[in-house]
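> model the following, please.
(one chain, ligands or ions: 1)
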Amino acid sequence: MTDKLYHPSKLFIEKRALKHPITNRIMERLLHLKPVIINDVGEFILAEKDNFTDVPPQEKPLILAFQKGKFLKNCPGTQRYICCGYQILNLVNNCEINCSYCILQGYLNSPFIIVYVNLEHLFQELENTFAENQEKIYRIGTGELADSLSTDHLTNFSRELVRFFSHRKNAVLELKTKTTQIENFLDEPHRGRTVVAWSLNTPRVIATEEKMAPSLEERIDAAQRSQKAGFRLAFHFDPMIYYENCEEDYKSVVRQLFEKIDPKNIIWISLGALRYPPHLESLIRHNHPDSEITYGELFPGLDGKLRYFKPIRIRMFREIYREIKKAAPDVFVYLCMESSEVWEKSFGWTPKTSAGLKRMMDELV
Ligand code: SF4
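Numbering: from 1, shown residues only. The predicted model follows:
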């Protein structure tokens, strides 16, 4: 397996987080670093972020901090497109995998990775939320402002999350990753309440746009090991990136996936085409001069984000959808942030509204 683990070059600890047992646990794994104590994470980042911009992504300085606000938020989704009603947990902020298309380079614009150590507050917040509305199904992921597992060799958060969710009746956790870091939770009794999900892409996109991430084979192998441990799986072909004959490559990824993964263990598969706000383009060119993605023809969509021309998206979605359905006719496939028209033309059916999609996905849980 490729060693592409995150190795922070510096460790900063917010005063409030200093005595926390999780801080101690992480410090024990970073004994070679001399921690520097800081007063407040927000003020520190504002004052210091320009001093760390040359640090290689996989050595980003780590900050252990206290989350003072809420951990749980609604997925930002996008108005005017159909969204699935997902919620996100922010325990880790920022990512070292450094994909060229990553929205975090514009959204966070910070050279630090923040890990929030006060998990007890997170669990209390979740307990309260789930108890308030026991009829509601909560689908919750941790992979929005970070990869769900790329810092897990330091935090071991996955095991604690899997354990917590294993006792919940109306919630399911999705750990979304490009890594192979699954050892921390594989033997944890999960009672079907954790879905382990991989972002997949073609070998060409992985080689050019996700250079620091494990290969396609490594991701599928990790999924296969999770399958053997009885976890439900999900896969996200997102962002699909257009290039000549990309459809053939995406179909080949689907075939490779089903050589090792039994469709009955898959809860859902999503498809999404490359999209980003216009201001990200110059950052991508600056941060990833070898990237091919800004050469594609992208146009502003209804939400202002740049996307491929609609017929191109529909063709990509339709081709890969058919390939998935050939191998796995019963697997639920959905589109991320697309209109009802694109659903209809790609899949031949549409959930019509975000509420319709949410209902369908809640039923799967
Ligand atoms: S793995 Fe996800 S969060 Fe990390 S850099 Fe890539 S797109 Fe961003």
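> now do the strands in the stretch 201-350 of the chain.
Read by DSSP state E, counting those that start in this stretch, the stretch 201-350 of the chain holds these strands, from start to end of the chain: 232-240, 266-273, 275-276, 298-300, 306-308, 333-335.
> would you reformat those strands as TSV and include distance to residue 18, mean pLDDT and mean neighbour count?
For glycine as for every other residue, the C-beta is placed from the backbone atoms N, C-alpha and C. Converted to TSV, these look like this (distance: least, Cβ to Cβ, whole Å; pLDDT from 0 to 100; neighbours: other Cβ atoms under 10 Å):
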stretch	distance to residue 18	mean pLDDT	mean neighbour count
strand 232-240	37	98	23
strand 266-273	40	97	22
strand 275-276	38	94	22
strand 298-300	46	93	14
strand 306-308	43	95	21
strand 333-335	43	97	21
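> just the strands in the stretch 1-150 of the chain please.
11-14, 36-38, 62-65, 72-74, 87-89, 92-93, 113-116, 138-141.
> need the winner for burial among those.
Most buried of the strands of the stretch 1-150 of the chain, by mean neighbour count (mean count of other Cβ atoms under 10 Å): strand 62-65, with a mean of 27.
> each with direction, which strands does that strand pair with?
strand 11-14 (parallel), strand 113-116 (parallel) (DSSP bridges).
> hmm, who's touching the first one?
For strand 11-14, contacts defined as Cβ atoms under 8 Å, 6 or more residues apart in numbering pick out 23, 27, 30, 33-41, 44, 61-66, 112.
> just to revisit the earlier point, mind putting the strands of the stretch 201-350 of the chain into JSON lines with distance to the ligand?
JSON lines is the format used below for the strands of the stretch 201-350 of the chain (distance: least, Cβ to the nearest ligand atom, whole Å):
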{"stretch": "strand 232-240", "distance to the ligand": "8"}
{"stretch": "strand 266-273", "distance to the ligand": "12"}
{"stretch": "strand 275-276", "distance to the ligand": "11"}
{"stretch": "strand 298-300", "distance to the ligand": "17"}
{"stretch": "strand 306-308", "distance to the ligand": "16"}
{"stretch": "strand 333-335", "distance to the ligand": "18"}
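> in JSON lines: the ones you listed, plus distance to residue 345.
Formatted as JSON lines, the strands of the stretch 201-350 of the chain follow (distance: least, Cβ to Cβ, whole Å):
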{"stretch": "strand 232-240", "distance to residue 345": "16"}
{"stretch": "strand 266-273", "distance to residue 345": "13"}
{"stretch": "strand 275-276", "distance to residue 345": "18"}
{"stretch": "strand 298-300", "distance to residue 345": "17"}
{"stretch": "strand 306-308", "distance to residue 345": "14"}
{"stretch": "strand 333-335", "distance to residue 345": "11"}
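> if we can go back for a sec, which of the contacts of strand 11-14 come close to the ligand?
Applying Cβ under 6 Å from any ligand atom to the contacts of strand 11-14, one finds that nothing falls near the ligand.
> spell out which parts of the stretch 251-365 of the chain neighbour the ligand.
Counting by Cβ under 6 Å from any ligand atom, no position of the stretch 251-365 of the chain is adjacent to the ligand.
> likewise for the stretch 1-150 of the chain?
95, 97, 98, 99, 102, 104, 146, 147.
> quick check, nearest of those to residue 299?
residue 102 (21.1 Å; Cβ to Cβ).
> contacting residues around the closest one?
Neighbouring residues of residue 102 by Cβ under 8 Å, 6+ apart: residue 95.
> nearest the geometric middle of the protein, what residue?
Closest to where the C-alpha atoms of the chain average out (Cα atoms, centre = their mean) is residue 143, at 3.2 Å.
> ok so, going back, may I see the strands paired with strand 62-65 arranged in JSON lines, with distance to residue 301 as well?
Putting these into JSON lines (distance: least, Cβ to Cβ, whole Å) gives the following:
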{"stretch": "strand 11-14", "distance to residue 301": "39"}
{"stretch": "strand 113-116", "distance to residue 301": "31"}
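> out of these, nearest to residue 194?
Closest approach to residue 194 among the strands paired with strand 62-65 (Cβ to Cβ): strand 113-116, 19.8 Å.
> using PDB, list the CA coordinates for that closest one.
The C-alpha coordinates for strand 113-116 follow below in PDB (Å, rounded to 0.1, in the frame of the first residue of the first chain):
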ATOM      1  CA  ILE A 113      -5.600  21.400   9.400                       C
ATOM      2  CA  ILE A 114      -7.800  21.900  12.400                       C
ATOM      3  CA  VAL A 115      -8.900  18.900  14.500                       C
ATOM      4  CA  TYR A 116     -11.600  19.600  17.100                       C
END
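> nearest residue to residue 91 other than its sequence neighbours?
Spatial nearest neighbour of residue 91, chain neighbours left out: residue 116 (5.4 Å); criterion: Cβ to Cβ, 6 or more residues apart in numbering.
> the one you found reaches residue 92, doesn't it?
Yes - using Cβ atoms under 8 Å, residue 116 makes contact with residue 92 at a distance of 7.3 Å.
> what segments of this structure are helices?
Ranges of helices in the chain, per DSSP state H, are 21-28, 41-48, 104-107, 119-132, 152-155, 157-166, 203-209, 216-228, 246-260, 280-287, 310-327, 340-347, 354-364.
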